[in-house]
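[1] This is a predicted model, with the sequence first.
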Amino acid sequence: DPYLKLLISQVTVTDLELLAAGQLEPVGNNWPPIISLPEAENYSFKIGSAELTENFKMQLDGGIIEEILKTLSEYDADLIEIIGHTDLQPMSRARVSNLDTAAREFFQKNANITLRAKDNVGLGYARALSVTKHLRENPKLQDYTILPYSAAQMITPEGTLTKQDDNFTSSQLRRIEIRVRRQNK
């Protein structure tokens with residue numbers, strides 16, 4: 001059971017002894033917080049694009065990397081997950097994707113590839129790839145594993161599945177989320 005293995009990796013014998021003696025109170029779920037970068041707060045891409053703006057790069061290089069490092073340290077984590085989210089707007093059927101053929105090459109330092117997606121799943125992934133590549137180039141994060149994912153238009157900022165009658169604006173749904181955790185080794 002992967003959840004049991006994760007729990008075992010997070011709890012020490014000393015913690016269990018203190019808890020059994022009534023000297024340690026469990027607090028919350030002890031999961032690291034999600035760092036959310038919503039478009040509504042200027043963490044934005046051009047419509048339909050996965051290219052990082054200069055402003056977004058500066059924000060990543062500034063306080064965001066420091067917040068990631070602080071969270072990694074607090075939770076003894078070594079894995080950073082970048083999740084791209086999109087809004088509910090369908091993409092043009094005429095678009096052509098290059099993600100199947102270009103995603104790996106995109107991570108090469110000298111590769112000058114513009115990622116193109118055909119649908120929201122691909123767009124969320126392409127945006128996560130762009131943020132992942134940018135973070136991987138920062139020397140402060142060289143010792144960490146950074147992985148890109150897409151949640152497309154399916155998950156709200158509150159962590160529920162989207163519904164047509166949700167009260168979220170498109171700019172709230174369009175976001176990058178950064179999560180940290182320990183690898184299961």
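    Arrived safely.
[2] In terms of helices and strands, where is the spatially most central residue of the chain?
    Closest to where the C-alpha atoms of the chain average out (C-alpha atoms, centre = their mean) is residue 82, at 2.2 Å. For residue 82, the host element (DSSP states H and E) is strand 79-85.
[3] Tell me the helix or strand right after that strand.
    With DSSP H and E, the next secondary element past strand 79-85 is helix 99-106.
[4] which non-adjacent residue is nearest residue 141?
    Excluding the flanking residues, the one nearest residue 141 by C-beta to C-beta, 6 or more residues apart in numbering is residue 135, at 5.4 Å. From N, CA and C alone the C-beta is placed, and that goes for glycine too.
[5] returning to what we had before: mean confidence (pLDDT) on the strand holding residue 82, please.
    Taken as a whole, strand 79-85 has a mean pLDDT of 95.
[6] okay, and for this structure, where does confidence drop off?
    1-8, 15, 19, 22-30, 110, 185 (pLDDT under 70).
[7] need the longest helix for it.
    Determined from DSSP state H, the single longest helix within the chain is helix 120-136.
[8] Now the element after that helix, going C-ward?
    Going down the chain from helix 120-136, the next helix or strand is strand 145-152, by DSSP H and E.
[9] the inter-axis angle of that next one versus helix 120-136?
    Relative orientation of strand 145-152 versus helix 120-136 (axes from the mean of the first three to the mean of the last three C-alpha atoms, to 10 degrees): 160 degrees.
[10] looking just at contacts, which helices and strands does strand 145-152 meet?
    Packing contacts for strand 145-152, counted by 3 or more C-beta pairs under 8 Å, 6 or more residues apart in numbering; DSSP states H and E, involve strand 79-85, helix 120-136.
[11] any chance of those in JSON lines, plus distance to residue 154?
    What follows is those, written out as JSON lines (distance: least, C-beta to C-beta, whole Å):
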{"stretch": "strand 79-85", "distance to residue 154": "8"}
{"stretch": "helix 120-136", "distance to residue 154": "9"}
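[12] do you know which of the ones you listed lies nearest residue 161?
    strand 79-85 (12.3 Å; C-beta to C-beta).
[13] so that closest one versus helix 120-136, what angle?
    Put simply, strand 79-85 runs at 140 degrees to helix 120-136, going by the same axes, to 10 degrees.
[14] Can you name the residues in contact with strand 79-85?
    68, 72, 123-128, 131-132, 135, 141, 144-153, 155, 173-183 (C-beta atoms under 8 Å, 6 or more residues apart in numbering).
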